[in-house]
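Novice: okay, predicted coordinates and the sequence, questions at the end:
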Amino acid sequence: MPICIETYPRMSPRPLLLFFVFMLLFHALHSSDVSTTKASTSLYDCDQCHRAKERHISTNRNRLNPNEKDIDIIATYSGASGHVRLARLKMRDLSDSWFWENPTNGNNEYQKSTQESMESYQTDSSFEDNSKHSIDERNPEENKVEIPHSSLMTPMKIKRRVMRQERKKARTAELTQENRETNNHIVSAAIKRTEEFDTTVKGKYSIWRREYENPNSDSTLKLMRDQIIMAKAYANIAKSKNNTVLYEALLKHSSDSQRAIGEASSDTELHLGALDRAKAMGHVLSIAKDQLYDCLLVERKLRVMLQSTEDRVNVQKKRSAFLIQLAAKTVPRPLHCLPLQLAADYYLQGYHKKGNLDKEKIEDPSLYHYAIFSDNVLAASVVVNSTVQNAKEPEKHVFHIVTDKLNFAAMRMWFLTNPPSRATIEVQNIDDFKWLNSSYCSVLRQLESARIKEYYFKANNPSSLSVGSDNLKYRNPKYLSMLNHLRFYLPEVYPKLNRILFLDDDIVVQRDLTPLWSVDLKGMVNGAVETCKESFHRFDKYLNFSNPLISNNFSPEACGWAFGMNIFDLKEWKKRNITGIYHRWQDMNEDRTLWKLGTLPPGLITFYNLTYPLDRGWHVLGLGYDPALNLTEIENAAVIHYNGNYKPWLNLAVSKYKSYWSRYVKLDNPYLRVCNLGE
């Protein structure tokens, strides 16, 4: 509130001014908040008092310390004459509730002073260094620090809060940068990884293939098949209830849907209008459900349909197994034509008068010797051609081919007219082995027995699907051929050799095999690739462990191995009398209670604990029955084996595997052209 002063002529103005100065000081020290506010007006109104005000705020925090030097406060005011006057007072005389406030502006002036205090602290060098690294120059608006306006905030608290927020922003920027670097690293690693993918390899599944464009690509097809099943169930119920109209409608829509499906395996293969037929079928099924639905009745109908479907599936499985075995045993016309043409020319052109060449190489133990027992001319030629073409020194390789009397002339004629490059070929007739007779050979005696003939040719007629046809695979003629069992007589066939590599006629060689002769077998007789993986292809798969003769002598967990590419140490063979072990077990299995027919089960028994495991890369099996093999493993293997019924020279062959075999067939050969083997 302004004070009005009336001046008298006789009174000097000086004492009066002093009186008002003391009144001002008195109000400054003892007045209430209202008078204090009035006094502060003059302090704010002068520009020279701002620094004094800041010093007052910073020093007022330390008033409780008596050791600190007191601070003088200079108050400026205007006298009656209009001159500016100064007054001095001590900081200790100020009240604890003293604060600076402009009574006219109040809050706005306090905010302004607070902002000025903050800016003054930001000019401090140490704080500048700390905040300099936390400011993002790209967007300075984001780096403004908001300070809450409160009368209780001091400049030091404001400074600490500013510093905390700046540290938070700095840490946030650091984490953001680390996150960007991590993302960039992940993206770079992913790009590098995709560059290593070989997208040209056939048979690899990819989400970019057409059939995987839509994850529900067969949803409509499945719906239509389910509709057909329900339509058949409701049709049976409708027929039993004499609902002829609904019965005929269900049959009609079922046949329409079946025609729309056809041979489709995905939605893209469905006929046009299939979705409309599915909608029409859904409408008819809705009507049938309203009229005929009975939970128990529908359940019984579906159970009957399931049982009849399973019976039909079992019949089809048996029929398929029989037909596959029949196709595997049947010789195609071109393969039947080839040996006939070769045998005719063999005698007509006088090749039967020629003897074997290079007899010294045939018995030289320092060379690389192969044993191939086959009655298939074309298959044997692929084995020889593929081995020679991949050999580093073909002139050191000797092939010993043994065949039967029916195919001897054709086999010999082929290799006389198509000799492999610098390699040596010997063709022998198994009937010339006079020592191989029923008195010496157990399996030959069994094959000639009436029991085996009964099993093969009379009981359970092998040409039909009668009872007992579960063992159709054991009725393959190869089990009746001594060529299949000749592998157990290698020392007798090649008495002057130390090591020999046995090869089946359904294999293809893709790499030089000479390192196998230098493999240390660790005193074992047989070197082979093991076929067991986890619980598969172990001894319990091939042998009857319910028989004490088997269970007391062998472990069911012992790992099986593969015939087809085996390196045999013939010296160790003779020392351990392997052929005698084979004869003993064959005699005990005359009634076929220890194992079924074949050569692998007696081989597992004969070479038990005498087989050295070779690296799996030497021999990859399954190309004759498994269409899901890894193509990379096949291409990297030294030998690939078409074991199974899907032989590469048959129409049954798996198409994607056939090229590995056919590349070694000389289609320009005149005999192959005459027999149309190139088609």
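Specialist: That came through, no problem. Residues are numbered from 1 along each chain as shown.

Novice: all strands of the stretch 351-500 of the chain, in order?
Specialist: Under the criterion DSSP state E, counting those that start in this stretch, the stretch 351-500 of the chain contains strands at 368-373, 397-403, 424-429, 499-503.

Novice: contact partners of the first one?
Specialist: Taking CB atoms under 8 Å, 6 or more residues apart in numbering as the criterion, the residues outside strand 368-373 that touch it are 380, 383-384, 387, 396-403, 430, 483-484, 486-487, 490, 493-494, 497, 499-505, 513-514, 517. C-beta here means a position set from N, CA and C on the backbone, and glycine is covered the same way.

Novice: just checking: what are the partner strands of that strand?
Specialist: Paired neighbours of strand 368-373 in the sheet (DSSP bridges): strand 397-403 (parallel), strand 499-503 (parallel).

Novice: mind putting the strands of the stretch 351-500 of the chain into a markdown table with distance to residue 581?
Specialist: Output for the strands of the stretch 351-500 of the chain, formatted as a markdown table (distance: least, CB to CB, whole Å):
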| stretch | distance to residue 581 |
| --- | --- |
| strand 368-373 | 19 |
| strand 397-403 | 22 |
| strand 424-429 | 25 |
| strand 499-503 | 17 |
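
Novice: can I get the ones you listed in TSV with mean pLDDT and mean neighbour count?
Specialist: Listed next are the strands of the stretch 351-500 of the chain as TSV, based on pLDDT from 0 to 100; neighbours: other CB atoms under 10 Å:
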stretch	mean pLDDT	mean neighbour count
strand 368-373	96	22
strand 397-403	96	23
strand 424-429	93	21
strand 499-503	97	22
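
Novice: out of those, flag the one nearest residue 607.
Specialist: strand 499-503 (12.1 Å; CB to CB).

Novice: I'd like to know which elements the very next helix or strand once past that closest one is packed against.
Specialist: Once strand 499-503 ends, the next helix or strand along the chain (criterion: DSSP states H and E) is strand 507-509. Packing contacts for strand 507-509, counted by 3 or more CB pairs under 8 Å, 6 or more residues apart in numbering; DSSP states H and E, involve helix 377-389, strand 639-641.

Novice: tell me where the chain has strands.
Specialist: Counting by DSSP state E, the chain has strands at residues 72-78, 84-90, 368-373, 397-403, 424-429, 499-503, 507-509, 526-528, 565-569, 611-613, 619-620, 639-641.

Novice: count the neighbours of residue 276 for me.
Specialist: Residues within reach of residue 276, counting by other CB atoms under 10 Å, total 11.

Novice: quick check: residue 506 vs residue 516, distance?
Specialist: Distance, residue 506 to residue 516, by CB to CB, to the nearest Å: 19 Å.

Novice: these two: who's more crowded?
Specialist: Taking other CB under 10 Å, residue 506 and residue 516 do not tie; residue 506 has more neighbours (22 against 18).

Novice: my guess is that one contacts residue 624, does it?
Specialist: Yes - using CB atoms under 8 Å, residue 506 is in contact with residue 624, at 6.7 Å.

Novice: next, show the common contact partners of these two.
Specialist: 641-643, 647-648.

Novice: return the members of those residues classed as buried.
Specialist: Among the shared contacts of residue 506 and residue 624, the ones that count as buried by 16 or more other CB atoms under 10 Å are 641-643, 647-648.

Novice: residue 288: neighbouring residues, count only.
Specialist: If you count neighbours by other CB under 10 Å, residue 288 ends up with 22.

Novice: same question, residue 623
Specialist: 28.

Novice: ok, it - contacts?
Specialist: 629, 634, 640-644, 646, 648, 654, 657, 660.

Novice: what would the strands of the chain look like in TSV with distance to residue 166?
Specialist: Shown next, in TSV, are these (distance: least, CB to CB, whole Å):
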stretch	distance to residue 166
strand 72-78	33
strand 84-90	37
strand 368-373	81
strand 397-403	82
strand 424-429	89
strand 499-503	79
strand 507-509	74
strand 526-528	74
strand 565-569	75
strand 611-613	69
strand 619-620	66
strand 639-641	70
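
Novice: the closest residue to residue 555 other than its chain neighbours and residue 595, how far apart?
Specialist: In space, and not counting its chain neighbours, residue 555 is closest to residue 539: 6.5 Å by CB to CB, 6 or more residues apart in numbering. Taking CB to CB as the measure, residue 539 falls 10 Å from residue 595.

Novice: got it, and residue 185?
Specialist: On the measure of CB to CB, residue 185 and residue 595 end up 59 Å apart.

Novice: looking at the two, which is more packed in?
Specialist: residue 595 (18 against 10).

Novice: burial of the nearest residue to the more buried one once chain neighbours are set aside, as a residue count?
Specialist: Leaving out its chain neighbours, the residue that sits closest to residue 595 by CB to CB, 6+ apart is residue 601, at 3.6 Å. Residues near residue 601, counting by other CB under 10 Å, number 21.

Novice: how about the contacts made by residue 601?
Specialist: Residue 601 touches 542-543, 594-595, counting by CB under 8 Å, 6+ apart.

Novice: now do residue 599, the pLDDT please.
Specialist: Reported pLDDT at residue 599 in the predicted model: 87.

Novice: now it, nearest residue through space, not along the chain?
Specialist: Spatial nearest neighbour of residue 599, chain neighbours left out: residue 484 (5.6 Å); criterion: CB to CB, 6+ apart.

Novice: where's that neighbour relative to residue 428, distance?
Specialist: For residue 484 relative to residue 428 (CB to CB), the value is 16 Å.

Novice: equivalent analysis for residue 420, please.
Specialist: Distance, residue 420 to residue 428, by CB to CB: 17 Å.

Novice: cool, and residue 258?
Specialist: 59 Å.

Novice: so who does the residue nearest to residue 652 when sequence neighbours are not counted touch?
Specialist: Ranked by CB to CB, 6+ apart and with sequence neighbours excluded, the top spatial neighbour of residue 652 is residue 646, at 4.6 Å. Neighbour list for residue 646: 623-625, 652-654 [criterion: CB under 8 Å, 6+ apart].

Novice: identify the farthest-apart pair in the residues you listed.
Specialist: 623 and 652 (12.1 Å).

Novice: share the number of residues neighbouring residue 416, please.
Specialist: 16.

Novice: please verify my assumption that it contacts residue 353.
Specialist: No - with contact defined as CB under 8 Å, residue 416 does not count as touching residue 353 (11.3 Å).

Novice: and this structure, what are its domain boundaries?
Specialist: The record's domain parsing of the chain by the TED database lists 219-329, 333-675.

Novice: can I get those in a markdown table with distance to residue 177?
Specialist: Shown next, in a markdown table, are the domains of the chain (distance: least, CB to CB, whole Å):
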| stretch | distance to residue 177 |
| --- | --- |
| domain 219-329 | 46 |
| domain 333-675 | 42 |
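
Novice: tell me which of those sits nearest to residue 180.
Specialist: Proximity to residue 180 (CB to CB) singles out domain 333-675 among the domains of the chain, at 37.5 Å.

Novice: that older thread, counting neighbours, what do you get for the residue nearest to residue 599?
Specialist: 19.

Novice: correct me, but it touches residue 597?
Specialist: No - between residue 484 and residue 597 there is no contact under CB under 8 Å: 9.6 Å.

Novice: circling back to that earlier point, just say which of the domains of the chain is most tucked in.
Specialist: domain 333-675 (a mean of 17; mean count of other CB atoms under 10 Å).

Novice: ends of that one, what's the gap?
Specialist: 8 Å (CA to CA, to the nearest Å).

Novice: which parts of the stretch 251-400 of the chain are helices?
Specialist: For the stretch 251-400 of the chain, the helices defined by DSSP state H, counting those that start in this stretch cover 274-292, 295-329, 333-348, 359-362, 377-389.
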